[in-house]
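J.: task: produce atomic coordinates for the following.
(one chain, ligands or ions: 1)
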Amino acid sequence: MNDKVLTPDICVIGAGSGGLTVAAAAAQFGVSVVLIERHKMGGDCLNYGCVPSKALLAAGKHAHAMRHGSIYGIGNAAPDVDFAAVMEHVHGVIGAIAPNDSVERFTALGVQVIQEEARFVDERTVQAGNHTIRARRFVIATGSSPMVPPIEGLDEVEYFTNETIFSRTTLPEHLIIAGGGPIGLEMAQAHRRLGAQVTVVEADKALGKDDPEMARLLIDRLKGEGIDIREQTKVARLEKLDEGQIRVYVSGRQGETAIDGSTLLVATGRRPNLQALDLEKAGVEHDRSGVKVNDKLRSTNSRIYAIGDAAGGLQFTHVANYHAGLVIRAILFRLPAREKRHILPWVTYTDPELAHIGLTEDQARNEGKLNKVLRWPFAENDRAQAERKTTGLIKIVTGKGGRIIGVTILGAGAGEMMNMWALAVAKGLKVSDITGYVAPYPTLSEVGKRAAVSYYADKTESPVVRGLIRFLRLFG
Ligand SMILES: Cc1cc2nc3c(=O)[nH]c(=O)nc-3n(C[C@H](O)[C@H](O)[C@H](O)COP(=O)(O)OP(=O)(O)OC[C@H]3O[C@@H](n4cnc5c(N)ncnc54)[C@H](O)[C@@H]3O)c2cc1C
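T.: Below is the predicted model:
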């Protein structure tokens, strides 16, 4: 029994993307930190999220490339997919990254790691196993879990979520995915390319948070790879068939129909992990989307902050990391630290990738901020032609004076390209800043510069200036 009360400066609950960043930064500044984790160090991203999903997509991409070599003059080959070995690759990638997030590393940094579940006992005390922690500040970084809707028959069939799908060692014969968001579609493409039949059932529009035009192009492309994507279709009930098969009854525009499959993945959204925390005892208000925080990420108990998925905003690793930076600024340095949601990008890592930041065209129009939308297709980019990756385009949404207020990119490497646009939006750059730098040729990123140049296309009637624009378009 350890009945000593710990009194660190900061107590972090949850050792995932956000919590680890706070703990590491605080320890490096010499501040005393207790970090509490009830399950796996690294949280969702490392163990059940970003890392395994990207590793599985990489395997699928390789299989797809083998099937389509002939466009480069190399014979098509049917890949011999050993799914157990693919999963070894996935877990090998997790294993390679895991030491960075390990108890050993954090202990060496000076963090006291407690491997227990945490709960508040009053407004300034947390209990974790035998440990009582009375910290100056607490950071709730408990992440989120798959939200499994109450579907009739669900408890009679075996189903998977992101927490269990990466433990499989056999390729599903027919994977039915409930949910057409980024997680559902990434898993759909990875499994399809590795040889599974895949059906996605989405109650609303697939990729409903993205620019509708760009999302549609991606969905059509995924359908072209043989993924059956049914939108405006709800999973109504489930039935267990013989030999492990599942019948999924769906209701949509055509009424109720049945889809028979071998495996069901539920990817219908996320809910914050708050249940175990006894937040009422700490005076921390919360709702279904997460802890209620102000723009400084402070909860209704000013001693307690919430970050990442638990804070109810955009649920991405880089957002959790960004939140961690803000909280560190506020707690350690008392510097002004306000969340700026408009500077947060996101990417769906299908092939092609779909990356977005800021306002979509429709949002900018509805908010009365839309000046011009600039576009450039990948098909007009020399590198995309050379690589045979011509699907996609960039859309730049501009506001007053040509300020860049939103960017969506669909195409190969869109996630990498988004780095530059995230900088542009964060720094309030204008299209003139983009026309004013030299892009190396031939790179896919040139699509952005070409789109930016088109801002000036109808700015003048002067033939000289129009000629200059044409020149810039050709050689700029
Ligand atoms: C399949 C999938 C793919 C994804 N891909 C991407 C991607 O490509 N890019 C991206 O940016 N994001 C991606 N995400 C989202 C990303 O994983 C999350 O946004 C990120 O992990 C959130 O970090 P966090 O620190 O808030 O929570 P987490 O990383 O989930 O960490 C929370 C930790 O808190 C612990 N915990 C919970 N309650 C308690 C308690 N009471 N006591 C002690 N410990 C507790 C949990 O065990 C967990 O380890 C993906 C998610 C999924 C599911």
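
J.: can you give me the strands in the stretch 51-200 of the chain?
T.: Ranges of strands in the stretch 51-200 of the chain, per DSSP state E, counting those that start in this stretch, are 112-114, 118-122, 125-128, 131-133, 137-140, 144-146, 174-178, 197-201.

J.: would you reformat those as TSV and include mean pLDDT?
T.: TSV is the format used below for those (pLDDT from 0 to 100):
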stretch	mean pLDDT
strand 112-114	98
strand 118-122	98
strand 125-128	98
strand 131-133	98
strand 137-140	98
strand 144-146	98
strand 174-178	98
strand 197-201	98
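
J.: quick one: closest of those strands to the ligand.
T.: Closest approach to the ligand among the strands of the stretch 51-200 of the chain is made by strand 118-122 (3.7 Å; Cβ to the nearest ligand atom). For every residue, glycine as well, the C-beta is placed using N, CA and C.

J.: quick one: that closest one near the ligand?
T.: Yes. Strand 118-122 is in contact with the ligand by Cβ under 6 Å from any ligand atom, via A118.

J.: what is the neighbour count of the residue of the stretch 51-200 of the chain found nearest the ligand?
T.: Per Cβ to the nearest ligand atom, G143 is where the stretch 51-200 of the chain lies closest to the ligand, at 2.4 Å. Residues lying near G143 (other Cβ atoms under 10 Å) number 25.

J.: list the contacts of it.
T.: Going by Cβ atoms under 8 Å, 6 or more residues apart in numbering, G143 touches G14, G16, G18, G43, D44, P272, N273, G308, D309, A310.

J.: any idea which of the strands of the stretch 51-200 of the chain is most buried?
T.: Mean neighbour count (mean count of other Cβ atoms under 10 Å) peaks for strand 137-140 among the strands of the stretch 51-200 of the chain, with a mean of 29.

J.: packing partners of that one?
T.: If you count contacts as 3 or more Cβ pairs under 8 Å, 6 or more residues apart in numbering; DSSP states H and E, strand 137-140 packs onto strand 10-13, helix 17-28, strand 304-306.

J.: closest one to I229 among the ones you listed?
T.: Judged by Cβ to Cβ, the one of the helices and strands packed on strand 137-140 that comes nearest to I229 is helix 17-28, at 29.3 Å.

J.: burial of P272, as a residue count?
T.: So P272, with other Cβ under 10 Å, has 25 neighbours.

J.: spell out which parts of this structure neighbour the ligand.
T.: Close to the ligand, as judged by Cβ under 6 Å from any ligand atom, the chain has residues 13-19, 36-40, 43-45, 48-50, 53, 117-118, 141-143, 162, 183, 273, 276-277, 308-310, 315-318, 320, 349.

J.: just the buried residues out of the residues you listed, in ChimeraX syntax.
T.: Selection of buried members from these for ChimeraX, criterion 16 or more other Cβ atoms under 10 Å:
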select :13,14,15,16,17,18,19,36,37,38,39,40,43,44,45,48,49,50,53,117,118,141,142,143,162,183,273,277,308,309,310,315,316,317,318,320,349
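
J.: in helices only, show me the residues of the chain next to the ligand.
T.: Judged by DSSP state H, the subset of the residues of the chain next to the ligand located in helices is 17-19, 43-45, 48, 50, 53, 183, 317-318, 320.

J.: the contacts of G143 into TSV, with extra columns for pLDDT?
T.: As requested, the contacts of G143 are arranged in TSV below (pLDDT from 0 to 100):
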residue	pLDDT
G14	98
G16	98
G18	98
G43	98
D44	98
P272	98
N273	98
G308	98
D309	98
A310	98
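
J.: what helices and strands are in contact with the helix or strand I409 falls within?
T.: Here I409, judged by DSSP states H and E, is contained in strand 404-411. Counting contacts by 3+ Cβ pairs under 8 Å, 6+ apart, strand 404-411 packs against helix 212-224, strand 353-358, helix 361-366, strand 393-398, helix 414-426, helix 446-453.

J.: quick one: strands adjacent to the next helix or strand after the first one?
T.: The first helix or strand that comes after helix 212-224 along the chain, using DSSP H and E, is strand 228-230. Sheet pairing here is set by DSSP bridges, and for strand 228-230 it gives strand 197-201 (parallel).

J.: between strand 174-178 and the partner strand, find me the angle.
T.: Per axes from the mean of the first three to the mean of the last three Cα atoms, to 10 degrees, the angle that strand 197-201 makes with strand 174-178 is 20 degrees.

J.: can you pull out the low-pLDDT segments for the chain?
T.: Residues of the chain that meet the criterion pLDDT under 70 lie in 1-3, 458-476.

J.: using JSON lines, lay out the strands of the stretch 51-200 of the chain together with distance to T360.
T.: Formatted as JSON lines, those follow (distance: least, Cβ to Cβ, whole Å):
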{"stretch": "strand 112-114", "distance to T360": "42"}
{"stretch": "strand 118-122", "distance to T360": "39"}
{"stretch": "strand 125-128", "distance to T360": "41"}
{"stretch": "strand 131-133", "distance to T360": "43"}
{"stretch": "strand 137-140", "distance to T360": "31"}
{"stretch": "strand 144-146", "distance to T360": "24"}
{"stretch": "strand 174-178", "distance to T360": "25"}
{"stretch": "strand 197-201", "distance to T360": "22"}
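
J.: related to what we said a few turns ago, can you put the helices and strands packed on strand 137-140 in TSV and add distance to L335?
T.: Shown next, in TSV, are the helices and strands packed on strand 137-140 (distance: least, Cβ to Cβ, whole Å):
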stretch	distance to L335
strand 10-13	16
helix 17-28	13
strand 304-306	14
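
J.: buried set for stretch 70-89?
T.: Applying a neighbour-count criterion of 16+ other Cβ under 10 Å, one finds P79, V81, F83, V86, M87 buried in stretch 70-89.

J.: ignore the last one, stretch 390-402
T.: The neighbour-count criterion (16+ other Cβ under 10 Å) identifies T390, T391, G392, L393, I394, K395, I396, V397, T398, G399, G402 as the buried residues of stretch 390-402.

J.: same thing with stretch 331-349?
T.: I331, L332, A337, E339, L344, P345, W346, V347, T348, Y349.

J.: can you pick out the most distant pair from these?
T.: Using Cβ to Cβ, the pair of these lying farthest apart is L332 and T348, separated by 34.6 Å.

J.: quick one: residues contacting K430.
T.: T398, G401, G402, R403, I404.

J.: how does it look with 7 Å?
T.: Applying Cβ atoms under 7 Å, 6 or more residues apart in numbering to K430 gives the contacts G401, G402, R403, I404.

J.: so which of the residues you listed comes closest to the ligand?
T.: In terms of Cβ to the nearest ligand atom, no member of these lies closer to the ligand than I404, at 21.8 Å.
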